[in-house]
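In: Requesting a structural model of the entry that follows:
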Amino acid sequence: MIDGAGENLGVIPTRQAIQNAREQDLDLVEVSPNANPPVCRIMDFGKFLYEREKKDREAKKAQAKIEVKEIRLRPKTNEHHRGFKVDDARRWLLQGHKVRVTVKFRGREMDYPEIALEDLREIAQSLSDVGVIEQSPMFEGRTMLVVMGPAKVKAKKPEKAEGGEETQDESGNS
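Out: Numbering: from 1, shown residues only. Now for the predicted structure:
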């Protein structure tokens with residue numbers, strides 16, 4: 001048993017542990033039921049739950065929320081209009097969002113999926129410096145789509161001098 005101050009009181013009978021908890025006006029909580037003997041702790045259980053919930057809320061706030069932005073095209077979308085859409089996708093990738101590029105087919109356009117595939121390849125190629133393909137081009141009903149995510153930024157290594165040693169500044173850092 002562990003008391004409210006965190007001190008180990010050793011092995012104590014259950015009745016005495018409950019009595020100790022009541023005297024301190026706290027709860028007796030079984031912390032590790034599978035241990036032999038089981039480990040119990042005297043604590044304010046309501047306060048414990050509140051603190052745990054507070055930590056969970058803080059952790060949830062700190063999570064990076066990744067949005068999936070979408071640009072929609074048609075097989076007949078001209079180069080100029082597609083350029084504006086690609087610029088938007090570039091901006092979103094630089095902000096850390098994922099981008100879904102969809103090409104919607106209507107009528108007989110379904111007979112020529114290679115046109116849309118070529119468009120998606122060109123878009124992916126033009127965004128390759130800021131994004132990577134996370135999901136390759138695929139069909140979903142009458143739409144073909146590709147999902148791109150932001151590219152990982154590579155850390156630059158310190159440049160080496162001609163002698164093969166790392167260069168150092170006046171402070172001794174490399």
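
In: now residue 132, which residues is it bridged with?
Out: Here residue 132 sits in beta bridges with residue 149, going by DSSP bridges.

In: Just the local confidence number for it, please.
Out: In this model, residue 132 is scored at 88, pLDDT.

In: Could you do residue 12 as well?
Out: At residue 12, pLDDT is 84.

In: can you give me the strands in the protein?
Out: 27-32, 39-43, 68-73, 98-104, 131-140, 143-150 (DSSP state E).

In: which residues touch the longest one?
Out: Same thing as strand 131-140. 89-90, 93, 98-99, 113, 117, 120-121, 124, 144-152 (CB atoms under 8 Å, 6 or more residues apart in numbering). Quick note: C-beta positions are derived from backbone N, CA and C, even for glycine.

In: Show me what counts as buried in stretch 17-35.
Out: Counting neighbours by 16 or more other CB atoms under 10 Å, one finds that the buried residues in stretch 17-35 are 17, 20-21, 26-28.

In: which one of those is nearest residue 76?
Out: When the buried residues of stretch 17-35 are compared for distance to residue 76 (CB to CB), residue 27 wins out at 69.4 Å.

In: Just want the most central residue of the chain.
Out: residue 64 (5.7 Å; CA atoms, centre = their mean).

In: I'd guessed that residue sits against residue 98; true?
Out: No: checked against CB atoms under 8 Å, the pair residue 64 and residue 98 is beyond contact range at 11.8 Å.
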